[in-house]
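Q: Starting from these lines, generate the structure:
(one chain, ligands or ions: 2)
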Amino acid sequence: YNLDDATSHVADTTASYLRLMKYKVPPAPPAADHYAGIGLLAHTDKNTVTILGQNDVQGLEIQPKDDNDSWVPVVIPEGAFVAIVGDALKAWSNGMVHSVRHRVVLRGEKERYTWGSFLMPKDDSTIEAPEKFVDKEHPLLYRGFTYAEFLSYFVSTLKDDALDVFAGLSTSPDVDDRDQLAVN
Ligand SMILES: O=C(O)CCC(=O)C(=O)O
Ligand SMILES: [Fe+2]
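A: Ligands and ions are numbered 1, 2, ... in the order given. Below you'll find the predicted structure:
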């Protein structure tokens, strides 16, 4: 892919903020209830890309694509950063990159500190896959939308599958048939 035009478009329309997070040590005995040790519930990031760094306490876990049952710990080497793709980049790339579900689980006896740099589209920029990402094998997955619209939908519903519900385009003929029936 020649991304020159498209990437400069995204770079022009990006905002970012930095957030520091502190995760307390879970109360002892650990795992007293289902949520003990959960530092951050499972979610996908809604922005374009998040870059995370941490102190020496691990805890980030990701869910493999198309697998709602397992969690894989991400071991971040000291001084390294992790980049997490968010829903906005997934939509813009027409699903070429995946916004992975992730969570934070605390198991040790030390506090975990992380910092995250959250890159976001500007509120009024339109997120729509460039034509070069769309073809017969890769039909358009999401309609165009502005980041502000998407975010306010997410904040008002807190649906974790907000992207699919808000902007997902059905490519299944069955659903089209059902719509037809409803209209007729
Ligand atoms: O602190 C972490 O390791 C993850 C933070 C995170 O996923 C988020 O803030 O969206
Ligand atoms: Fe996150």
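Q: Show the backbone phi and psi for the residue in the chain that ligand 1 sits nearest to.
A: Nearest residue of the chain to ligand 1: Thr114, at 3.5 Å (C-beta to the nearest ligand atom). C-beta coordinates here come from the backbone N, C-alpha and C atoms, glycine included. Torsion angles at Thr114 (phi, psi; degrees, to the nearest 10) stand at phi -130, psi 160.
Q: for it, what are its contacts?
A: Leu20, Met21, Tyr23, Leu52, Gly53, Gln54, Asn55 (C-beta atoms under 8 Å, 6 or more residues apart in numbering).
Q: contacts for stretch 66-85?
A: Contacts for stretch 66-85 (C-beta under 8 Å, 6+ apart): 45, 48-54, 56, 58, 60-64, 97-100, 102-103, 105.
Q: Point out the residues in this structure that sit beside ligand 1.
A: Neighbours of ligand 1 within the chain, by C-beta under 6 Å from any ligand atom: Met21, Leu40, Asp45, Thr50, Leu52, Leu60, His102, Val104, Thr114, Gly116.
Q: pull the helix or strand with minimum mean pLDDT from the chain.
A: helix 173-183 (a mean of 44; mean pLDDT, DSSP states H and E).
Q: where's the closest residue in space to Leu20 that isn't next to it in sequence, which helix or strand?
A: Closest residue to Leu20 apart from its sequence neighbours, by C-beta to C-beta, 6 or more residues apart in numbering: Trp115 at 5.1 Å. Per DSSP states H and E: Trp115 is located in strand 112-121.
Q: Understood, closing this out.
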